[in-house]
Structure formats: structure tokens, C-alpha cells
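**Q** Quick check, what structure comes out for this input:
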Amino acid sequence: MGNPAGFIYSDREPPKKRSVGSRVKDYRELYKPWSESKIQEQAGRCMACGVPFCHTGCPLGNLIPDWNDLVYQGSWERALDALHKTNNFPEFTGRICPAPCESSCVLSINQDPVTIEYIEKEIGDRGFREGWIKPVIPKSRTGKKVAVVGSGPAGLAAAAQLNSVGHNVTVFERDEYNGGLLRLGIPDFKLEKHVVQRRVDLIREEGVCFETGVNIGVNYTVERLLGSFDAICLAGGATQPRDLMVPGRDLKGVHFAMEYLAQQNRILDGQEVLPSERINAMNKRVVILGGGDTGSDCLGTAHRQGAKEVIQFEILPEPPLLRRINNPWPEWPLVLRLSAAHEEGGSRDYAIATKKFTGAEGCVNKLHAVRVRWKEEQNKRMSMEEIEGSEIEIEADLVLLALGFLHPEQVGLLDKLGVVLDARGSVAVDNNMMTSLPGIFAAGDMVRGASLVVWAIAQGRDAARGIDEYLMGDTDLPRAVQ
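**A** Prediction:
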């Protein structure tokens, strides 16, 4: 441990954000440059604990104390090597992961945790800047062909790992861009798209073939897929959104969050959208239903589009500011979170259930809701009841449904393949990530449900390991620590 007293004399100090007035005028990332001396000081706060609980918080099992110490010593390239042992894409996780590792940091017991996520981002970015991250082309090929369906973090991780051991990998993506939600779902102010593209380009240079605009089961037959590859990895995500079937749902101006976010990302890339199809918050009263990360992404986007006012409703009760006694460290803290988008404006309200939308001339102009209370039943399940006389009417020109996702889309690829699904409607897999059909594997949100990018990467790595063992009889690819 380079600085045994670092956590005593240095407080947590992440990189500074650009001012609200500046950043809402563009879609660039939020953070200002972080000096090397400050990064090393923050890395020196890591205590190299005898039992590093940050490992348990990270599904990838990142070697966090190791690379923190190497950064503190100025050994950046070695830090990158340590990070790449477990994480294919630190430049993604260092930007968009909610950092469960930090919640599990031992310092979190009574202090602010180590700035693990931001250090991880700096290691990855420096690796590209210095030229340390470069294509590694396999010395030989196995002759085995593997299809990866979906190019989000799970699919990219699986493809990179499989290619590294010499398999011929083709990634099929139904959209016009590779990257999945990284490319179309997450706003640029959290993850600029050149960051995604440079990694895709590198994986392509290593030998992976990418085909966009290919929707298996729609414009590319399942039979052709099965007949052309020795193994298949399904990594299409959990893209079936949860809808809100209340009166007025069909009014113009009520949209799924992903319709809104994906359209804005396409516009920023230079695509043209017909005025009749444009979802724009400019000068509008915006209501966002859903209090999670997708809701805050909608909030930040609405600010940048010039919304008149924005309110975010959540059906669950407001979380506490501090951990409750039944939510101890190192569990994920169920507390109130303030995102960068919330710093920029808007308001939030909790325990609100939407009852209907009303409008004029086919367009929404009002949301009708009621306040609810939650109580714990004898079986420990929570139940909700409406509070009599608490009806609310909110003027709304644009309503965004950020209610989460149910499961993978089942019409098309999945039903034509006939893989077994679990009780949630996700793809069922065994310990090697293989589905009910031999040679067909699955990973990421398609298996786990909508989850974190680190889980997607971890499952993509595990699926690659399972595929390599299936094709070759054994494997040297590591299993992710979960």
C-alpha cells in the first residue's frame, strides 16, 4: 500500500463538474479534467483492506486495491493491465456504472468511499491516449464460427473474449449503430458516443465482424443463423418496456423513454427526423414517470432541449437520506440519490400513481394521479393503497414513461428458436450460460433482466467461457467473479 495514511489526511474529492449554466447548453460530458496529482491522491485513499469488500460489490471482481496502488505509484500502464484482467471496457464502466464497489468500500462504513469509478475511467482513457490500448490479433484461428446477437456491453464482451482465443466471431446488430443502449439509450452527457465507437473500432481491428441492420427472425432467418455458426450467443437485452395501460395512453405526447432518448442520440449524430415525429421538450411542461436512471436521463435531456418545467413522479415512497437499520453496509444503500440531472433543475414527487391522461385534439395536456401509501403485509410483501381525497391534476404537454423493462422481446428470434424462458420471461441458462438448446448461449439483460453494465460485461465474459469450452472441450478464459 503506497500511502497507509491516505484515507486519514485526504477527503473524497471527485473531478469537478462543469457549471449547470454551461453544461445544459450542450450534450458534452459533465466533468472537467482531473489533474494527475489529484487522481494519485485519491487513489492513495485506498486502504488495501485485508478483506477488500469492493471486490464483492463488483460483479466483475475488479482488482481494485491493486490498480489503485499502481495509480498512486504512477504505474499507469500496469494499472491498466490489472484492470483489463477482469474488465474489457473500463471506459464504459468508469462513466455509467453506479459503482456498487464504492458502496462496498470499507471506508463507506463511516466515511466517504474511494473514488473508484472515476479512477477507473481515468485509467481507461489514459490507456487510449497513450496508445497502450491497441488491437491484439490472435496468433491463430480455431476455425470455429460464433454468432453474437446484439452489440451491447454483453455482446461486445462475449465477442472480444471469443475472438481473443481465435474463434471467428460475427456480431449481428438490428440497429444502424453498434453498442446497444451504450450507443442509443444513454445520453452523450453521460457517455459520448466516440468513446463507444473507438472500442467497437478496436474490436473490429482485432478481427470481429460487425453487421448492422440485421434483425434475426425478421430480415435474417433463424434457420440461416443455426446453419451458419458452430455456436450462438444471444445478447439482445431486455428491451420490452413496461407500459402504463391507463385511459389516454394513446394520446399524442405520451412516449416511452427509449423512444425519446434514442431519437435524441440519432439527431446528435446528424440524422434528420420529420417534424411530425420529433419528440421535443422545448417550452413544454414535461412529466417523467419513473424515478430511476432512465428517468434522470430523460430529465437531463429535457433540460437541454429547453423544457419549460419538468416534474418526475415515482410510484414508490421517497427513499431515506441515510441507510435504514435493515440495510447495513456493505449492501447496496437504498437511499435518496441526486443525479447530475437533478442538480440542473426539475422537481420530484413520490408515492404517486397515475390514473389517466386527458387532452384536446388528440394531444395530451393533463395527467391525473392520486397519492398512495405503502404498507408491509404479514408475508413481508408491500401493498399499495390510494389515499382518499388526494387526487392530483398536472398540466403536461409531454409525458415520458421511464418505468423499466419487462424482459427480452419474445416475438421473432426467441419464439422461433424455442429456447426455454424463466418465470420472468427472460432466457433461462445453466451455470455455463447455455440455454435449453445445445450450442446456444445467452448473456446480459436477456438473461438477468434490465441491470447494470458491469453485470452485462460479466455475463458476456462468462458466456464466452462457456462457448469456448463447448467448442474446444476446455477453456483458458476466466470466469467472472459474481
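**Q** ranges for the strands of the stretch 101-250 of the chain?
**A** Assigned by DSSP state E, counting those that start in this stretch, the strands in the stretch 101-250 of the chain fall at 145-149, 168-173, 209-212, 231-234, 240-241.
**Q** Same list (the ones you listed) but as TSV, adding distance to residue 179 and mean pLDDT.
**A** Quick note: C-beta positions are derived from backbone N, CA and C, even for glycine. Below are those laid out as TSV (distance: least, CB to CB, whole Å; pLDDT from 0 to 100):
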stretch	distance to residue 179	mean pLDDT
strand 145-149	13	98
strand 168-173	8	98
strand 209-212	10	98
strand 231-234	16	98
strand 240-241	19	96
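**Q** Skipping adjacent residues, who's closest to residue 98 in space?
**A** Closest residue to residue 98 apart from its sequence neighbours, by CB to CB, 6 or more residues apart in numbering: residue 452 at 6.7 Å.
**Q** go on, residue 436?
**A** In space, residue 436 is closest to residue 420, 3.9 Å off (CB to CB, 6+ apart).
**Q** measure the one you found to residue 442 for me?
**A** 11 Å (CB to CB, to the nearest Å).
**Q** now swap in residue 236 and tell me
**A** When distance is defined by CB to CB, residue 236 is 9 Å away from residue 442.
**Q** try residue 205
**A** Taking CB to CB, one finds residue 205 at 27 Å from residue 442.
**Q** who's more crowded, the two?
**A** Counted by other CB atoms under 10 Å, residue 205 and residue 442 do not tie: residue 442 has more neighbours, with 30 against 12.
**Q** can you list the weak-confidence ranges in the protein?
**A** Residues of the chain that meet the criterion pLDDT under 70 lie in 1-2, 482.
**Q** Domain parsing of it, as residue ranges.
**A** Domain assignment of the chain by automatic domain parsing yields the ranges 6-129, 145-239+406-472, 243-403.
**Q** Pick the most buried one from those domains.
**A** Each of the domains of the chain was assessed for mean neighbour count using mean count of other CB atoms under 10 Å. The highest is domain 145-239+406-472, with a mean of 21.
**Q** gap between the two ends of it?
**A** Taking CA to CA, to the nearest Å, domain 145-239+406-472 runs 12 Å from one end to the other.
**Q** just stretch 92-107 next, same as before
**A** End-to-end distance for stretch 92-107: 24 Å, by CA to CA.
**Q** Next: stretch 448-456.
**A** With CA to CA, one end of stretch 448-456 sits 8 Å from the other.
**Q** ok, residues contacting that stretch?
**A** 58-60, 87, 89, 92-93, 96-98, 100, 152-154, 157, 182, 235, 238, 404-405, 407, 424, 426, 443-445, 459 (CB atoms under 8 Å, 6 or more residues apart in numbering).
**Q** for that stretch, the distance to its chain's centre please.
**A** Relative to the centre of its chain, stretch 448-456 is centred 7 Å away, using CA atoms, centre = their mean, to the nearest Å.
**Q** With stretch 4-19 instead?
**A** 26 Å.
**Q** Let the chain start at 47 from now.
**A** Done: numbering now begins at 47, and the last item shifts to stretch 50-65.
**Q** Let me know the angle separating the helix ranked longest in the chain from strand 214-219.
**A** Secondary structure assigned by DSSP state H gives helix 499-518 as the longest helix of the chain. Put simply, helix 499-518 runs at 140 degrees to strand 214-219, going by axes from the mean of the first three to the mean of the last three CA atoms, to 10 degrees.
**Q** Helix, strand, or coil at the residue of the chain most remote from its centre?
**A** In the chain, residue 435 marks the outermost C-alpha relative to the chain mean, sitting 38.9 Å out by CA atoms, centre = their mean. Of the three states, residue 435 takes strand under DSSP: H, G, I helix; E, B strand; the rest coil.
**Q** That one and residue 404: what is the separation?
**A** Residue 435 is 20 Å from residue 404, by CB to CB.
**Q** do the same with residue 474
**A** On the measure of CB to CB, residue 474 and residue 404 end up 42 Å apart.
**Q** which residues sit in contact with the closest residue to residue 105 other than its chain neighbours?
**A** With CB to CB, 6+ apart as the criterion, residue 105 has its nearest non-adjacent residue at 4.3 Å, and that residue is residue 504. Taking CB under 8 Å, 6+ apart, we find residue 504 in contact with 105, 106, 203, 526, 528.
**Q** Serialize the residues you listed to JSON lines and add fields for distance to residue 159 and secondary structure.
**A** JSON lines is the format used below for the contacts of residue 504 (distance: CB to CB, whole Å; DSSP: H, G, I helix; E, B strand; the rest coil):
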{"residue": "105", "distance to residue 159": "17", "secondary structure": "coil"}
{"residue": "106", "distance to residue 159": "17", "secondary structure": "coil"}
{"residue": "203", "distance to residue 159": "26", "secondary structure": "helix"}
{"residue": "526", "distance to residue 159": "22", "secondary structure": "coil"}
{"residue": "528", "distance to residue 159": "21", "secondary structure": "coil"}
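**Q** which one of those residues is nearest residue 53?
**A** residue 106 (23.6 Å; CB to CB).
**Q** how near is that closest one to residue 503?
**A** 6 Å.
**Q** Overlap of the contact sets of the two?
**A** In contact with both residue 106 and residue 503: 133, 139, 526, using CB under 8 Å, 6+ apart.
**Q** can I assume the second one is in contact with residue 241?
**A** No: at 11.5 Å, residue 139 and residue 241 do not qualify as touching, with contact defined as CB atoms under 8 Å.
**Q** any shared contact partners between those two?
**A** With contacts taken as CB under 8 Å, 6+ apart, residue 139 and residue 241 have no neighbour in common.
**Q** picking that back up, the residue nearest to residue 482 and residue 480 touch, don't they?
**A** No: contact status for residue 466 versus residue 480: not in contact, 11.1 Å apart, counting by CB under 8 Å.
**Q** Extract the C-alpha set from stretch 379-389 and format it as PDB.
**A** Written as PDB, here are the backbone C-alpha positions of stretch 379-389 (Å, rounded to 0.1, in the frame of the first residue of the first chain):
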ATOM      1  CA  PRO A 379     -27.600   1.500   0.000                       C
ATOM      2  CA  LEU A 380     -31.300   2.100  -0.600                       C
ATOM      3  CA  VAL A 381     -31.100   5.900  -0.100                       C
ATOM      4  CA  LEU A 382     -32.200   9.000  -1.900                       C
ATOM      5  CA  ARG A 383     -29.900   9.800  -4.900                       C
ATOM      6  CA  LEU A 384     -29.200  13.100  -6.500                       C
ATOM      7  CA  SER A 385     -28.000  12.700 -10.100                       C
ATOM      8  CA  ALA A 386     -26.300  15.400 -12.200                       C
ATOM      9  CA  ALA A 387     -29.700  16.000 -14.000                       C
ATOM     10  CA  HIS A 388     -31.400  16.700 -10.700                       C
ATOM     11  CA  GLU A 389     -28.800  19.300  -9.900                       C
END
